[in-house]
Structure formats: structure tokens, C-alpha cells
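Asker: This is a predicted model, with the sequence first.
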Amino acid sequence: MHEDLADLLAPWGMENAQVSLVAARENQVFKVYDGARTTALRLHRRGLRSSKELQSELAWMAELSRVGISVPSPVTSDNGKYLRETNGQQVSMLSWMSGSPLGRTGKPLEHPDRKGIFRKLGRLMARVHALSDRWSLPAGFTRATWGRKALVGPDPLWGRFWENPDLDNAERELLLQFRTRADLALKELETGLDTGLIHADLVRENVMVEGETLHLIDFDDGGFGFRLFDIATALIKNRHEPDYPELREAMLRAYREERPIDTSALDLFLALRAVTYVGWIIPRLEEDGGLVRNKRMISEATTLAEAFLSTSRVSPLPNLEVSP
């Protein structure tokens, strides 16, 4: 066991449990088994989230679990709180979600009922949105906002994508043009778009399949934003599947069976989702596989940005700075 883990597990009475590392991305996640129950210990990356943000995330997950959504449920420690902090290390414990990821990024989707699983995901996403809207947020609830500024403002939430060092001049100009056009489009649309709490990272790895049940995990990026952004995130890594149009239609149809949504701007949000990854990867270029991932993300972003620009009704406005 990691020398510090016993002390970190003690507030949950699991200091003698079996522990194994299962993820080391934004946070370190350990599978913990004490002979009676299995849980997930999260060591939150220092400086990534404030304690208020983490407490809000855990409260949201607890509420979704309470109303019947299959998500990890926070486990209280010995002081009755979900979040502990020891020597500057933020720690939380969640119930363990069984099953296997829906898929892996960059790998072909493998599932015996492809349209069926996307229908389930569409319905589940719609329920998360609807139930989150009905929830009375607790005092002090604080999460990131995936709004216009966070996507195309001077300092986007996931980084200044147009400054990715691997962009060539033509690609950079294309993304700057897209940024200007997307900002104008969002100004026109944002008051009429469906907004609220969103997961913001419903990629295949965060959708766990266990028999007929889907579990949603990793709410680390969740916050306030456009519901179309959530839908775009769930779809974008599946664009190269041979039956993508059918998967997309299955998801959207099932979503609308739970709650209405206008999806006429979905292609804009697919492009917006794609460019966020071009910003996100910048500080991760030196990681294993970082350069390969960056090339793939740039290709996806430029393809979708160019497609949006070709159909946008806004007149070309090159070299304009996005307004605050």
C-alpha cells in the first residue's frame, strides 16, 4: 500500500483494506476492498478544484443517486462529510461502479446492440438533465460554467486552443475564424438554448455497461453549460463509426422521449467540443502518446470547424477579436 494511503483511508475506517490503483489522470483513483464492501478512493489533483467545487460535485452526485440515477454515491467519513483534506490533499470516497466502459477512444465500438445502447444513453442523459433542473441547489453550490466565454472567450476553460504549438498557419487561421464565427453564433443563440447542469465528459470511458444497466462515472468536469454540449461530447468520439448517423439518431430520439430539446445547433457544438480538446492537450503534449493524440485532435477540430464555417450564415469576419 502507498505509505500515505492508510492515513487517508482511516477516516472511512478502511485503513487495513486492499488497495489497487485504477486510474491516474486528473485524479488518482484507487479501488478499495475491506472484505465487506468495495469503494473508490479519489486523491484529487492539487490545485485543480477548490474544496467548494468538490463539495458541490459530491452533493450533486449524491442527489442523482438518491433519485435513481446510477452514478457513484459519495461515502461519508467519520465526521459526516464527503470531502476530507489532509496536509493539503483533498480526498473523497465513492461507491464502486461495476461493469465495463462502453468503449475506448480511438478503438472501434464493440457492442451487440449498438443503437440500443445509444438509446439508453440518450434517455439517461435526458433524465440527468431533467432531474438536475428539479433539484434545489444547496447554498454555496459552485461548479465551472461551460458558457460562451468558457468555450471561445479570451481564456477558454480548457485552454487557448488556437495557440496549440502543432497547428500550422492554415490550421491556426481556420480555428481563429471558427472562434469568431462561433462566438457570433452563440451570441445569437444562447438565450434560447437549453442550459443547466451537465456532466461535460460523457465519453465512452465514462459510461459503464453492466448487463442492461448504464452507470455514469467521473463528474470531475461537470458544471453549468449548454445541454447540446453534453450531447456533443457523448457523440463526438463515435463520428467515425460506420453507423454513426444511426447511433446519433437513436440517441437524439431517445433523449426527446424524456424531454424536449432543439438540436438544430448540434453541429456547432460538435465543433466546439472538438476545439476544446486542442486546448486541453497543450499541457499534456509531453505525456506518453501526447503527440499522436494531438495530431488526431487537431484533425478532428479542423474538419468540424471547416464544416461549420461552410454552412454558417454569418458573413466571413477574418481577424476579428472575440468580444468579452
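Answerer: Sure thing, it's come through.

Asker: Enumerate the positions of the strand or helix carrying L176 that are buried.
Answerer: Element membership for L176, per DSSP states H and E: helix 169-189. Buried positions in helix 169-189, judged by neighbour count with 16 or more other CB atoms under 10 Å: 171, 174-186, 189. For the C-beta atoms, the positions are set from N, CA and C on the backbone; glycine is no exception.

Asker: Can I get the next helix-or-strand element following it in CSV, CA atoms only?
Answerer: Sequence-wise, the next helix or strand downstream of helix 169-189 (DSSP H and E) is strand 195-198. Taking C-alpha atoms only, strand 195-198 is exported to CSV below (Å, rounded to 0.1, in the frame of the first residue of the first chain):
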residue,chain,number,x,y,z
THR,A,195,-28.8,25.2,-20.2
GLY,A,196,-28.2,23.8,-16.7
LEU,A,197,-26.0,21.3,-15.0
ILE,A,198,-24.2,19.0,-17.4
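
Asker: Please identify the buried residues of strand 195-198?
Answerer: Here strand 195-198 shows T195, L197, I198 as buried, counting by 16+ other CB under 10 Å.

Asker: Pick the one among these closest to L309.
Answerer: T195 (24.5 Å; CB to CB).

Asker: Check for me that E249 belongs to a helix.
Answerer: Yes - under DSSP: H, G, I helix; E, B strand; the rest coil, E249 sits within a helix.

Asker: and the closest residue to P101 other than its chain neighbours, what does it touch?
Answerer: Using CB to CB, 6 or more residues apart in numbering and skipping residues adjacent in sequence, the residue nearest P101 is E205, 4.8 Å away. Contact partners of E205, counting by CB atoms under 8 Å, 6 or more residues apart in numbering, are P101, L102, G103, R104, T105, D218.

Asker: How about N294?
Answerer: Neighbours of N294 in contact, by CB under 8 Å, 6+ apart: N164, D166, V278, I281, L285.

Asker: what helix or strand is it on?
Answerer: Here N294 is assigned to helix 290-311, by DSSP H and E.

Asker: Could you do T145 as well?
Answerer: With DSSP H and E as the test, T145 turns up in strand 144-146.

Asker: can you give me the mean pLDDT across that strand?
Answerer: Strand 144-146 comes out with an average pLDDT of 97.

Asker: elements contacting the strand or helix carrying I231?
Answerer: I231 is part of helix 227-236, with elements assigned from DSSP H and E. With contacts defined as 3 or more CB pairs under 8 Å, 6 or more residues apart in numbering; DSSP states H and E, the packing partners of helix 227-236 are helix 114-134, strand 195-198, helix 244-258, helix 266-280.

Asker: so can I have JSON lines of these showing distance to F229 and mean pLDDT?
Answerer: Below are the helices and strands packed on helix 227-236 laid out as JSON lines (distance: least, CB to CB, whole Å; pLDDT from 0 to 100):
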{"stretch": "helix 114-134", "distance to F229": "11", "mean pLDDT": "98"}
{"stretch": "strand 195-198", "distance to F229": "6", "mean pLDDT": "98"}
{"stretch": "helix 244-258", "distance to F229": "14", "mean pLDDT": "98"}
{"stretch": "helix 266-280", "distance to F229": "5", "mean pLDDT": "98"}
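
Asker: most packed of the ones you listed?
Answerer: helix 266-280 (a mean of 24; mean count of other CB atoms under 10 Å).

Asker: Send me it as CSV with only the CA atoms.
Answerer: Extracted as CSV, the C-alpha positions of helix 266-280 are listed here (Å, rounded to 0.1, in the frame of the first residue of the first chain):
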residue,chain,number,x,y,z
LEU,A,266,-25.7,20.4,-32.7
ASP,A,267,-23.1,20.6,-35.4
LEU,A,268,-21.8,23.9,-33.9
PHE,A,269,-21.4,22.2,-30.5
LEU,A,270,-19.7,19.2,-32.1
ALA,A,271,-17.1,21.6,-33.4
LEU,A,272,-16.9,23.5,-30.1
ARG,A,273,-16.3,20.2,-28.3
ALA,A,274,-13.6,19.3,-30.8
VAL,A,275,-11.6,22.5,-30.4
THR,A,276,-11.7,22.3,-26.6
TYR,A,277,-9.6,19.1,-26.9
VAL,A,278,-7.0,21.1,-28.9
GLY,A,279,-6.6,23.4,-25.9
TRP,A,280,-6.8,20.6,-23.3
